[in-house]
Every structure is written in C-alpha cells, then in structure tokens.
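J.: Could you look at this predicted model? Sequence included:
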Amino acid sequence: MMVFVSENWIKKVSLFQNGVRLGLFRARFLLTALVTICVLAAGWSVGPKLLRPSLSVTIIITMFVYFLAHCFRAMRLCIISGRLLQVPARTIFLLHFATAPFTIIPPFKLGEVVRFYMLWTMSLKLSETIVTVLLDRLFDAIILSLLLAWLIINNHIDSVMDESTRVVQWMILAVTISAGICFLIGPRALSSLQRYVMIHHSGRNVLVSLRLIDVLRKGTTSGEGLLRQQGALLMMITVLIWGLELVAAALFTPIAIFPEFQNAGVLLINRTVQEWYAVFAPSVDPALATSAASSILAIFIVWPPSVYGYLTRIIMPTSRGKRLK
C-alpha cells in the first residue's frame, strides 16, 4: 500500500515539474519574442536617423548586423541538423560560414548544393539531409512570401524587378513552400502508399519501390516531428533573421537614387535575389550596390577562419574528430 502511494506521489511530482518546465519555456519564449520585436522596432525607427550622416559608420554597423543575421542562420541550421543528422552543433555552426559564400552564387542560388553535399558527407543520411536543407529554406520562404505579398499589395514590386528576377524568386518560393506542404501530408500519404503497394502488388520491383517509399516516408516523418516540436522556435529565429536583414536594408535607403529603393522591403528583396550582380553591375542604385557589398564583405571576413576551424574538426585525427564521431 505504501509503495503504491509513493509511486502515485512520484508521478504527481513529476507531472508538476514537467508543467513548471513547460511554463518557464513558454514564458522565456514570449519574453524573447517581445524583446526581439522591441529591438527591431527601435532599430527600424532610430537607426537610419542616427547613422545617416556617416556612410562609413553605416557600412560598418550594417556588416555587423549581417554577421548577426548569419549567426542566427547558423543557429537555426544547428537546431535542425542536430535533431535530424546528429552532428555536433559547433561543426554545423562552422559549416554554415564555411559554405556561406557558395550559397549566394547565381543562378538560383545553386550554391546550396555545396552545403547539401557537405552535410550528406558528414551524416551519410541522404533523406534526412534533403529534409534538413528543405526545412532550412522553408522558414525563409515563409517570410519572403509575406514580404513579397505586402510589397505587391502596395504596388512597390513591379516597377523595380524585371521579369527574369520575378520568375527566379517565385520559383524558389514555390518549390520551398511545396516542400513544406509535403511535410504536413507526406508521412500519412506515403504510409498509405506503402500499404497499397504491399497489398495489391508483388514481384521483384516491388521491393525497390517499397524501399524508396520508406526512405521518403522516414524523411518526411522526421521533418514533421521537428516542425511540431521546434517549429515555433525556428520561426522566431527566422523572424529575427529577416528583421535584422530589414533593419540593415533600411540603413541604406537614405542614399538611394531611385525612389523605389527608398523602401527597405524592395531594397531587401532585390539584394537577396541579385547579390553579386548588384555589386558588379555597370549601372545600379548605390543603395542596392552598397547593401549587397556589405553583405558579401561580412561573409568573406569570417570565411577563412571558419574554413580552417571546420576542416580542423573534420580532418584532424584529434579529440575533436573523436567527439565528432
């Protein structure tokens, strides 16, 4: 009797502790979100006024803001890959900066293939690596979709983006958002497809089909589980990332020649799509060129030490390599 009472008491205490932990996590999440919104609002309203007189100071501050945004991008990739690939967070953090210059290479930002290949090489998990890259792009696509929708509604976007640029941007968003929808319906749909194939078909080729379906099912199931558990946190980090990007763009709007680029949202979209072209094009708005150049410089300043640290953790047969294994 005493043992039964003590077990019930232990269960109640455990449930109470779990409730306290969940409450503290939610309170910390809401407080962090509130502080993030306040900081971004202050930077949006006060930053351009304070930094307008000095372009050199603006460039330095903007490079630091871009660096912070990339730090949060690396943190988001650490959360996703840590759950799906079981790779150390420090290695992923260095990997993000080591591959960052390749991710801004046109066309269509195909430099993402480099990051995918490095993640696959480390984890040797093909389906989970695909899901990791898609999830990382999914959250950016959601924010870009909202920003594009707002610009289109207010008639800001058509006058500054040519047809090819719009096609590229919408292709990226359509593919990534479609991948996000797959995480919602993919696991159940693929499980039903597996049962259908097993019941109604037989033969040697069926095993190959079932293996392929099972790989896709495991990948989408892992992605769905991560979205359910960490989706809110990842979205908060993404909002902070693009909030910093928007503040950085707003700092350059005072030097824009074209009226369209005096809108921070338009400047941010064009800088995101054109990147290298915005720096080296013969005729381009100074706000767009300076913004793109600051973003690229912020990446290349930290690129050499990041590559060295990443290769050290991967290649050197030391305790770091043992810890990676």
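T.: Okay, I see it.
J.: where exactly do the helices run in the stretch 201-325 of the chain?
T.: Using DSSP state H, counting those that start in this stretch, the helices of the stretch 201-325 of the chain run over 204-252, 264-274, 276-280, 286-315, 319-324.
J.: Can you name the residues that contact C182?
T.: By CB atoms under 8 Å, 6 or more residues apart in numbering, the contact list for C182 reads T220. Just so you know, the C-beta spots here come from the backbone N, C-alpha and C atoms, and that holds for glycine as well.
J.: Same question for it, what's its three-state structure.
T.: Three-state call for C182 (DSSP: H, G, I helix; E, B strand; the rest coil): helix.
J.: thinking again about what came up before, of all the helices of the stretch 201-325 of the chain, which one comes closest to F258?
T.: Judged by CB to CB, the one of the helices of the stretch 201-325 of the chain that comes nearest to F258 is helix 286-315, at 8.2 Å.
J.: who does the closest one touch, helix- and strand-wise?
T.: In terms of contacts (3 or more CB pairs under 8 Å, 6 or more residues apart in numbering; DSSP states H and E), helix 286-315 is packed against helix 55-84, helix 89-99, helix 204-252, helix 264-274, helix 276-280, helix 319-324.
J.: List the buried residues for that helix?
T.: Applying a neighbour-count criterion of 16 or more other CB atoms under 10 Å, one finds 287-296, 298-299, 302, 306-307, 309-310, 313-314 buried in helix 286-315.
J.: thinking again about what came up before, with E128 as the reference, name the closest of the helices and strands packed on helix 286-315.
T.: Ranked by CB to CB, the member of those that lies closest to E128 is helix 55-84, at 4.5 Å.
J.: Ranking helices and strands of this protein by mean pLDDT, which lands last?
T.: helix 319-324 (a mean of 44; mean pLDDT, DSSP states H and E).
J.: Low-confidence bits of the stretch 101-250 of the chain, can you list those?
T.: 105-110, 156-169, 171-173, 175-176, 180, 201-204, 208 (pLDDT under 70).
J.: redo that, cut-off 90
T.: Low-confidence segments of the stretch 101-250 of the chain (pLDDT under 90): 101-118, 120-237, 239-240, 243, 246-250.
J.: picking that back up, winner for burial among the helices of the stretch 201-325 of the chain?
T.: For the helices of the stretch 201-325 of the chain, the largest average neighbour count (mean count of other CB atoms under 10 Å) is found in helix 264-274, namely a mean of 23.
J.: can you pull the alpha-carbon coordinates of it into PDB?
T.: Below are the C-alpha coordinates for helix 264-274, written out as PDB (Å, rounded to 0.1, in the frame of the first residue of the first chain):
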ATOM      1  CA  ALA A 264      13.500  48.900 -47.300                       C
ATOM      2  CA  GLY A 265      11.400  45.900 -48.300                       C
ATOM      3  CA  VAL A 266      12.100  46.500 -52.000                       C
ATOM      4  CA  LEU A 267      15.800  47.000 -51.300                       C
ATOM      5  CA  LEU A 268      16.000  43.800 -49.300                       C
ATOM      6  CA  ILE A 269      14.200  41.700 -52.000                       C
ATOM      7  CA  ASN A 270      16.500  43.000 -54.700                       C
ATOM      8  CA  ARG A 271      19.600  42.500 -52.700                       C
ATOM      9  CA  THR A 272      18.600  38.900 -51.800                       C
ATOM     10  CA  VAL A 273      17.900  38.000 -55.400                       C
ATOM     11  CA  GLN A 274      20.700  39.800 -57.200                       C
END
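J.: got the angle for it vs helix 204-252?
T.: 130 degrees (axes from the mean of the first three to the mean of the last three CA atoms, to 10 degrees).
J.: Helix 264-274 packs against which elements?
T.: By 3+ CB pairs under 8 Å, 6+ apart, helix 264-274 packs against helix 126-153, helix 163-200, helix 204-252, helix 286-315.
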